[in-house]
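In: kindly return the folded structure for what I paste below:
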Amino acid sequence: MSKLARNKVWAALLLLVPSFIIIFGVFVLPMLYMLMISVREDGGTGAWTAAQYKLFFQDPYYIEVLWRTVRLSLWTVLACLILGYPVAMYMARATPKMRGFITFLILSPHLISVVIRNFGWVVILSDNGFINNTLLKLGLIDKPLRLLYNELGVVIGLTDSLIVYMVLAVATSLYAVDASLYKAAGILGASKARMFFSVTLPLSMPGIFAGTTLVFSLAMSAFVTPALMGGTSVKVMPVIAYEKMMAAYDWSLGAALAFLLLGSTLGLVAFFTKLVETKRHKEVFSS
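Out: As a prediction, the model looks like this:
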C-alpha cells in the first residue's frame, strides 16, 4: 500500500473516532454494565449468579409475557403490512408532488409525542369515546365495545406509531421497479392481479423484509404504548422489566429480562432473515 493510500485510511479512521467514542460511551458501556448487573445479586453488588435467568425459564408467567410480546409484535407487523402496502403502491405510482404530500401526511403525526397520540387513541377507543358513542347512537351495538386496555388496543396504538416504517420501506422498493415491466406484462396478457403477484410483490420483497424487521424490532421493545393502551391487563417484556427495576427495585432481574428481550428479538430477526433468504425470493435479495 502506498503512502498516499495509508494516509487516506488513517484520515478516514480519524474521522470515525468521534462516532466510535459516542457509540461506545452511550451504548456499549451501558449495555455491558446492565449485563454485569443481570448476572450479580443485589443489583450488581453481590455474588455472581445466573439465578435471574433461571427464574425466567422456570416461571411460566415470564414465558407467557414473552410470548405475548412476540404475538403482539407479529400482529402489529401484519396490520402495518396490510394497511401500509396499498399506500406504498399509490405513492410509487403518484406524481412527485403527490408523493411528497403523502410522505408529509405520513410523517407529520410523528412530530407529536407518542404519549399525546396514545392519549388521543384513549379518547377515541374508550367506552365513552367517539367510536362507541357513534355505534350506540346508530343502534349497531347495545353496549360499548372493549377496544381499550386489551391486546387489540395495544396493536392499534403500535400500528399507528410504526406503520410509517413499513410504508416508506415498501415504497422505496417500489420506486425502483421499472415501469416497462408492467407494460411488458400487459402486452403478454397478464391481468392486474397477475401483474401484482408476478411483478409487484416479488420486487417489493426487500422493502417488505426491511419494513417487517423495523416494525417487529420496535414493537418488541415498545414501552409507552403498551403501558398506556394496555393498562394493567396487558403486560409485555419492556413493561415488566421497567416494573422490576423501578417499582420492585430488583435491578438484577430487570436487567436479565431486558437482555432476554434483546436476545429474543435478535434471534427472531435472524431466523426470519435466514428464512427469507433461503426461499424463492433469494435472488431478489442477492441482486
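
In: now do the spatially most central residue of the chain, the pLDDT please.
Out: The residue lying closest to the centre of the chain (Cα atoms, centre = their mean) is residue 215, at 2.3 Å. pLDDT for residue 215: 96.

In: cool, and residue 89?
Out: With respect to pLDDT, residue 89 has a value of 93.

In: domain ranges for this structure, per the record?
Out: Domain ranges of the chain: 1-49, 58-285, per automatic domain parsing.

In: rank those by pLDDT, which is bottom?
Out: The minimum mean pLDDT among the domains of the chain belongs to domain 1-49 (a mean of 85).

In: from the domains of the chain, which stretch is densest packed?
Out: Greatest average neighbour count among the domains of the chain goes to domain 58-285 (a mean of 17), per mean count of other Cβ atoms under 10 Å. Heads up, the C-betas are built off the backbone N, CA and C, glycines and all.

In: quick one: that one to chain centroid distance?
Out: Distance of domain 58-285 from its chain centroid, counting by Cα atoms, centre = their mean, to the nearest Å, is 6 Å.

In: over to stretch 10-20?
Out: Relative to the chain's own centre, stretch 10-20 is displaced by 31 Å; criterion: Cα atoms, centre = their mean.

In: contacts for it?
Out: By Cβ atoms under 8 Å, 6 or more residues apart in numbering, no residue outside stretch 10-20 reaches it.

In: kindly recompute the last result at 10 Å.
Out: Stretch 10-20 is contacted from outside by 23, 28, using Cβ atoms under 10 Å, 6 or more residues apart in numbering.

In: stretch 59-71 now?
Out: By Cβ under 10 Å, 6+ apart, the residues outside stretch 59-71 that reach it are 55-57, 151, 154-155, 216, 219-222, 226, 230, 234-241, 253, 256-257, 260-261, 264-265, 268.

In: which of these fall in helices?
Out: Members of the contacts of stretch 59-71 lying in helices (criterion: DSSP state H): 55-57, 151, 154-155, 216, 219-220, 226, 230, 237-241, 253, 256-257, 260-261, 264-265, 268.

In: show me the helices in the stretch 51-200 of the chain, by range?
Out: 51-58, 60-93, 96-107, 114-125, 130-137, 151-175, 179-187, 192-195 (DSSP state H, counting those that start in this stretch).

In: a markdown table for these, including distance to residue 4?
Out: Shown next, in a markdown table, are those (distance: least, Cβ to Cβ, whole Å):
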| stretch | distance to residue 4 |
| --- | --- |
| helix 51-58 | 52 |
| helix 60-93 | 44 |
| helix 96-107 | 42 |
| helix 114-125 | 50 |
| helix 130-137 | 67 |
| helix 151-175 | 37 |
| helix 179-187 | 44 |
| helix 192-195 | 52 |
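
In: can you say which of those helices is nearest to residue 3?
Out: Nearest to residue 3 among these is helix 151-175 (41.0 Å), distances taken as Cβ to Cβ.

In: which strands and helices sit next to that closest one?
Out: helix 60-93, helix 96-107, helix 114-125, helix 205-220, helix 224-230 (3 or more Cβ pairs under 10 Å, 6 or more residues apart in numbering; DSSP states H and E).

In: just send those helices back as a markdown table, with distance to residue 42 too.
Out: Shown next, in a markdown table, are those (distance: least, Cβ to Cβ, whole Å):
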| stretch | distance to residue 42 |
| --- | --- |
| helix 60-93 | 21 |
| helix 96-107 | 46 |
| helix 114-125 | 33 |
| helix 205-220 | 29 |
| helix 224-230 | 27 |
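
In: for the residue nearest to residue 122 when sequence neighbours are not counted, give its distance to residue 132.
Out: Nearest residue to residue 122, sequence neighbours excluded (Cβ to Cβ, 6 or more residues apart in numbering): residue 148, at 6.3 Å. The gap separating residue 148 from residue 132 is 10 Å, by Cβ to Cβ, to the nearest Å.

In: joint contacts of the two?
Out: Shared contacts of residue 148 and residue 132, defined by Cβ under 10 Å, 6+ apart, are found at 124, 125, 126.
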